[in-house]
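> The following block contains a protein sequence and its predicted model.
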Amino acid sequence: MDMQKENSPAIVRRVTVYASSSNALAESYYDAAGRLGAVLGAAGLDIIYGGGGVGLMRAMADHALAAGAHVHGVIPGFLNTVEHAHKNLSRLEVVNDMRERKHRMLVDSNAVVSLPGGSGTFEEVFEALTLKRLGQFLGPVILVNTNNYFDRLVDFLQHSVSERFMSELHLDMWSLVDEPEDVIDAMSSAKYWSRDAFKFAAVGA
């Protein structure tokens, strides 16, 4: 099979979205989340996300559904009392734990888009980047930098490269965009990534 064709951003059909469940954020974060949902829906992309009916998760899902997207939520049963599963999704999948949730959200996805979030969102993003570093996930990873939220995270990743915990090549694992409307172009222009990435996963002398 032609790996270049198989993993080209041009054939992205299903997007994993990571987002916060917080209801205590500045309004600009909810606005950006809603715009992202609308953008992905208008592009005809299927969406899989954490299934929550609160916070940025809800804003993104509501606007994606309104734009005609198929939105699949994945939520652990115990989180129903915290993230309150969205009631109007195309599909809601209840799983046993967080590990299963993260696996299900990535297994059939062609790309990752992350809105701002806390420790759970960071964990999800770093899992996607780690799998990409090992050649196990090949799609674009896009960070939506609302209010410059991800600036310090990207600085830290660049510091990791400077200190040789990561390679310069690993700087191509993600893209940073200022606005949700930039996400589709960022996916289309993302650097091709191969399963051979595991060959340079470890930084040599």
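Now that the structure is in, tell me what you want to look at.

> following the helix or strand containing Thr130, which helix or strand shows up next?
Per DSSP states H and E, Thr130 falls inside helix 119-133. Toward the C-terminus, helix 119-133 is succeeded by strand 141-144 as the next helix or strand (DSSP H and E).

> and that next one, what other elements does it pack with?
strand 111-114, helix 119-133, strand 175-177, helix 183-189 (3 or more CB pairs under 8 Å, 6 or more residues apart in numbering; DSSP states H and E). No exception for glycine: its C-beta is placed from N, CA and C like everyone else's.

> any idea of the mean pLDDT in it?
The average pLDDT within strand 141-144 is 98.

> how about it: buried residues?
For strand 141-144, the neighbour count (16 or more other CB atoms under 10 Å) marks 141-144 as buried.

> Sketch out the low-pLDDT regions of the protein for me.
Residues of the chain meeting the criterion pLDDT under 70: 1-10, 205.

> how about the helices in it?
Here the chain has its helices, by DSSP state H, at 3-6, 27-42, 55-66, 98-107, 119-133, 151-162, 183-189.

> Next one: Asn80 from Val95, what distance?
According to CB to CB, to the nearest Å, Asn80 and Val95 sit 11 Å apart.

> More neighbours: those two, which one.
Val95 (18 against 14; other CB atoms under 10 Å).

> Contact partners for that one?
For Val95, the contact set (CB atoms under 8 Å, 6 or more residues apart in numbering) comprises 74-77, 101, 104.

> out of those, which are buried?
74-76, 101, 104.

> in stretch 108-124, what counts as buried?
109-117, 120-121, 124.

> From start to finish, how long is that stretch in a straight line?
Using CA to CA, to the nearest Å, the end-to-end distance of stretch 108-124 comes out at 15 Å.
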